[in-house]
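In: here's a sequence, model it:
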Amino acid sequence: MINITALFLILNHSFVNAETKVLFIGNSFTFGYGSATKHYRTNSVTDLNSEGIGGVPALFKSFTEQVGLHYDVYLETHGGSDLDYHLNNKLDVIGSQPWDQVVMHSYSTMDKEQPGAPNALVKSTAKMSEFLYGLNSKVEVYITATWSRPDLIYKADRQWSGTPIEKMALDVRAGYDLAAQSPYVTAVNAVGEAWTQAMKLGIADTNPYDGIAFGKISLWTWDYYHGSSYGYYLHALMAFGNLTGLDPRSLGEYECSGFELGMSQRQIKMLQQAAFDQLIKEKRVTPSSPPNSKKPLHQKNCATI
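Out: This next block holds a predicted model:
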């Protein structure tokens with residue numbers, strides 16, 4: 001009966017959200033710089049800049065398909081950009097159609113000139129979210145608070161030098177909480193804190209500069225700044241939970257995209273757990289029963305999903 005009820009809820013949710021149009025606005029933290037996710041399943045999403053990007057949006061799309069949801073996923077990204085860049089250069093593209101849901105973020109330090117200062121983020125979030133509301137008064141806008149950067153923590157004379165690994169993510173989150181006071185923002189997508197949770201769970205290493213501990217993964221790529229495939233995977237899991245309201249653990253340890261990107265069942269399961277822990281803390285999802293642990297037949301040919 002539990003399984004039948006869960007299936008009914010998923011199918012009903014799928015019906016309600018049929019043809020839901022989602023737009024991701026961001027920079028390299030969204031398009032997956034430094035990892036295999038950048039050009040992952042590019043034909044499954046629409047890149048409004050025609051640059052052949054898959055990235056986090058393609059992972060999100062894959063997750064939704066695997067649970068039977070119907071999302072039409074778009075992205076508008078530009079490396080090294082903040083929200084002001086998109087406001088000043090891309091409103092014609094962003095405004096090409098109304099959106100049901102939008103996921104967006106600014107520069108990783110909130111302000112390029114004054115790292116850690118939230119004022120620019122607050123102003124640009126208010127402007128962009130109001131513009132999106134003008135396209136569709138029912139739009140849901142999620143703003144993504146990004147992760148701690150080891151290059152700004154473990155190197156000397158940087159904004160967060162010598163602080164605990166979790167502090168930068170918390171500082172960024174505080175800035176996004178201020179930005180979320182805009183009446184047109186639905187919620188904060190707390191990706192940075194989910195990364196910290198993965199470290200607390202013991203799956204992710206805390207300091208890539210001293211090597212990756214046995215049995216752990218690095219959420220960062222080779223520059224200790226951008227994400228690895230693991231990091232972007234967790235990023236996408238958070239978007240999945242926030243936008244759909246579904247427990248990311250419902251994807252299961254045999255989840256298809258993790259398999260395609262070379263992740264082990266343990267890694268997939270623990271990253272899903274990290275996302276769930278943060279999402280349940282934010283009261284963004286309802287816990288669900290884990291799926292049958294039997295290996296699904298579709299995993300033999302995941303790309304056909």
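In: all strands of the stretch 1-150 of the chain, in order?
Out: Secondary structure of the stretch 1-150 of the chain, counting by DSSP state E, counting those that start in this stretch: strands at 20-26, 46-47, 71-77, 101-104, 140-145.
In: could you dump the ones you listed to CSV with distance to Pro118?
Out: Every residue, glycine included, has its C-beta placed from N, CA and C. Below are these laid out as CSV (distance: least, Cβ to Cβ, whole Å):
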stretch, distance to Pro118
strand 20-26, 17
strand 46-47, 29
strand 71-77, 22
strand 101-104, 15
strand 140-145, 11
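In: now do the contacts for the residue nearest the centre of the chain.
Out: When Cα atoms, centre = their mean is applied to the chain, the residue found nearest the centroid is His235 (3.1 Å). Counting by Cβ atoms under 8 Å, 6 or more residues apart in numbering, His235 touches 29, 56, 59, 144, 191, 194, 227.
In: would you turn the strands of the stretch 1-150 of the chain into a markdown table with mean pLDDT and mean neighbour count?
Out: Formatted as a markdown table, these follow (pLDDT from 0 to 100; neighbours: other Cβ atoms under 10 Å):
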| stretch | mean pLDDT | mean neighbour count |
| --- | --- | --- |
| strand 20-26 | 98 | 25 |
| strand 46-47 | 98 | 18 |
| strand 71-77 | 98 | 22 |
| strand 101-104 | 98 | 26 |
| strand 140-145 | 98 | 24 |
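In: among those strands, which is nearest Asn119?
Out: With Cβ to Cβ, the closest approach to Asn119 among the strands of the stretch 1-150 of the chain belongs to strand 140-145: 15.1 Å.
In: and for the closest one, what's in contact with it?
Out: So strand 140-145 is in contact with 26, 29-30, 100-105, 125, 129, 132-133, 169, 172-173, 175-176, 179-180, 184-193, 235, 238-239, 242-243, going by Cβ under 8 Å, 6+ apart.
In: wait, which of the strands of the stretch 1-150 of the chain is closest to Asp205?
Out: Nearest to Asp205 among those is strand 140-145; the distance by Cβ to Cβ comes to 21.2 Å.
In: re earlier: closest one to Cys256 among the strands of the stretch 1-150 of the chain?
Out: Closest among those, once you apply Cβ to Cβ, is strand 71-77, at 15.6 Å.
In: pretty sure Thr42 is touching Ala58, no?
Out: Yes. In terms of Cβ atoms under 8 Å, Thr42 counts as a neighbour of Ala58; the distance is 6.7 Å.
In: compare the two (neighbour count), which wins?
Out: Taking other Cβ atoms under 10 Å, Thr42 and Ala58 do not tie; Ala58 has more neighbours (28 against 16).
In: check contacts around that one.
Out: 37, 40-42, 44-45, 73.
In: Tyr225 too?
Out: Here Tyr225 is in contact with 108, 149-151 (criterion: Cβ under 8 Å, 6+ apart).
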